[in-house]
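Student: predicted model, plus sequence, below.
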Amino acid sequence: MSSPPSDADEGVVRVSDLRKTYGETVAVDGVSFDIRAEEVFALVGPNGAGKTTTVEMLECLRTPTAGSATVLGRDLRTDSRAIKADIGVVPQSFHTFDRLTVRENVALVRRLYDEGHAVDAILEELDLTEWAGTPFDSLSGGLKRRTGMAMALVSDPTVLFLDEPTTGLDPDARRRTWEQIEGLADHGTTVVLTTHYMEEVERLADRAALLLDGRIEAIDTVPNLIERYGGAIKVVVRRGGTDSEPETDESVRPILEDAATEVYHTESGDLVGLFEDRDRAQETYSRLHQEGNGRAIDLISAGMEDVFLRLAGGTPDARGDLQ
Ligand SMILES: Nc1ncnc2c1ncn2[C@@H]1O[C@H](COP(=O)(O)OP(=O)(O)OP(=O)(O)O)[C@@H](O)[C@H]1O
């Protein structure tokens, strides 16, 4: 691997007014952003927003219609060979030899590179050692995805692109994938992630960009996005009693009314206080716990789902369709 030009430190990926059209369709409509060294950067947006087209241009798989970008200081248009040598890519569906084993598939990729990890070391790092001799086509979905990750990581890439890494995985496999991505980030790999799971963004991403109709609607650190667009924090006093005999305990209402910016009852009888200020919400929550007669009380923070809802007008389901 040759050394990248020195300005790479300023932005591992630098994108300036990038556009891609397919005939009449404008898939990416002039996006500009930087991805910093060693961060986990998430690209989110509903189906058709232009995420895949954007990352595929950065992976040198599609040619931009206009604009420019560098990856590790190298120009996308003129230096795609060098870029490809320095990045790892795990697309949603990737090419493997199905009858070859996990180790054989990873070894095949390893041979394409002058430098990289030992095959067995990367299998161990990804907890694949016990599956090393298993043919790829008899693996579970989660193990197939993990093999894809091993194939992308065996060349020791500086930047790793992951396209919806946990779509279709069961909760256990998803959690494991998250731990592996966290491990990569801890070891200095820059990770570029596209995902429909806002929980994944909150857990993994340092910064996120929300793409809508081929344009960046918002880009910032995850806490900043939540603070700016997530809306109010809720303190919810759950309704007591039974369905037939609901109990409305109004004794706690003055406490909420004193502190919250707005108080209302939900249709199911819960009492909700809205807060802009986190400390104030926390104090009120603690006080209600002391004086709430054992009533169940929840503190519900705004999250990336709220950001998505606010900016995109819906929340994405597992396939990215807005609900
Ligand atoms: N090869 C292509 N030819 C024509 N139109 C395309 C092509 N690829 C993508 N598009 C269109 O470009 C737009 C952006 O698609 P893209 O796949 O980049 O979105 P996305 O945000 O990745 O969506 P998803 O979450 O479904 O993957 C869509 O309108 C899509 O139909």
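Tutor: Right, received. Where do you want to start?
Student: where's residue 308, which helix or strand?
Tutor: helix 304-312 (DSSP states H and E).
Student: pull out the buried positions in that helix.
Tutor: Within helix 304-312, the residues scored as buried using 16 or more other C-beta atoms under 10 Å are 304, 305, 306, 307, 308, 309, 310, 312. C-beta: built from backbone N, CA, C; applies to glycine.
Student: using a markdown table, lay out the residues you listed together with distance to residue 59 and pLDDT.
Tutor: Output for the buried residues of helix 304-312, formatted as a markdown table (distance: C-beta to C-beta, whole Å; pLDDT from 0 to 100):
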| residue | distance to residue 59 | pLDDT |
| --- | --- | --- |
| 304 | 25 | 92 |
| 305 | 28 | 89 |
| 306 | 31 | 88 |
| 307 | 26 | 90 |
| 308 | 25 | 87 |
| 309 | 30 | 85 |
| 310 | 30 | 86 |
| 312 | 25 | 85 |
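Student: of these, just say which sits nearest to residue 269.
Tutor: residue 306 (23.1 Å; C-beta to C-beta).
Student: show me which residues of the stretch 1-150 of the chain sit near the ligand.
Tutor: 22, 25, 27, 45, 47, 48, 49, 50, 51, 52, 53 (C-beta under 6 Å from any ligand atom).
Student: pull the most distant pair out of the residues you listed.
Tutor: Greatest spacing in those, by C-beta to C-beta: 22 and 45 (17.2 Å).
Student: what packs against the biggest helix by length in the chain?
Tutor: In the chain, taking DSSP state H as the definition, the longest helix is helix 171-186. Other helices and strands packing on helix 171-186, by 3 or more C-beta pairs under 8 Å, 6 or more residues apart in numbering; DSSP states H and E, are helix 141-153, strand 190-194, helix 198-204.
Student: and those, which is most packed in?
Tutor: strand 190-194 (a mean of 24; mean count of other C-beta atoms under 10 Å).
Student: any idea how this protein splits into domains?
Tutor: Per the record, the chain has its domains at 6-228, 232-301, by automatic domain parsing.
Student: turn these into CSV, including mean pLDDT and distance to residue 317.
Tutor: Listed next are the domains of the chain as CSV, based on pLDDT from 0 to 100; distance: least, C-beta to C-beta, whole Å:
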stretch, mean pLDDT, distance to residue 317
domain 6-228, 91, 7
domain 232-301, 83, 21
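Student: most tightly surrounded among the ones you listed?
Tutor: Using mean count of other C-beta under 10 Å, the stretch among the domains of the chain with the largest mean neighbour count is domain 6-228, at a mean of 18.
Student: circling back to that earlier point, out of the helices and strands packed on helix 171-186, nearest to residue 233?
Tutor: helix 198-204 (14.8 Å).
Student: let's see the helix or strand that comes right after the closest one as CSV, backbone CA atoms only.
Tutor: The element immediately downstream of helix 198-204 (helix or strand, assigned by DSSP H and E) is strand 207-212. The C-alpha coordinates for strand 207-212 follow below in CSV (Å, rounded to 0.1, in the frame of the first residue of the first chain):
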residue,chain,number,x,y,z
ARG,A,207,-21.5,11.8,12.9
ALA,A,208,-24.4,11.3,10.6
ALA,A,209,-25.7,12.8,7.4
LEU,A,210,-29.4,12.6,6.5
LEU,A,211,-29.9,12.4,2.8
LEU,A,212,-33.3,13.3,1.2
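Student: tell me which residues are up against the helix or strand following strand 207-212.
Tutor: Where DSSP H and E defines the elements, the next helix or strand beyond strand 207-212 is strand 215-221. Outside strand 215-221, the residues that touch it by C-beta atoms under 8 Å, 6 or more residues apart in numbering are 29-33, 206-211, 225, 228-229, 307, 311-312.
Student: which neighbours does strand 215-221 have in its sheet, and in what orientation?
Tutor: strand 207-212 (antiparallel) (DSSP bridges).
Student: related to what we said a few turns ago, so what does the helix holding residue 308 touch, helix or strand wise?
Tutor: Checked by 3+ C-beta pairs under 8 Å, 6+ apart, helix 304-312 has helix 198-204, strand 207-212, strand 215-221, helix 222-229 packed alongside it.
Student: okay, these in a markdown table with distance to residue 87 next?
Tutor: Listed next are these as a markdown table, based on distance: least, C-beta to C-beta, whole Å:
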| stretch | distance to residue 87 |
| --- | --- |
| helix 198-204 | 18 |
| strand 207-212 | 18 |
| strand 215-221 | 21 |
| helix 222-229 | 23 |
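Student: can you lay out these as CSV showing distance to the ligand?
Tutor: As requested, these are exported to CSV (distance: least, C-beta to the nearest ligand atom, whole Å):
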stretch, distance to the ligand
helix 198-204, 14
strand 207-212, 6
strand 215-221, 12
helix 222-229, 18
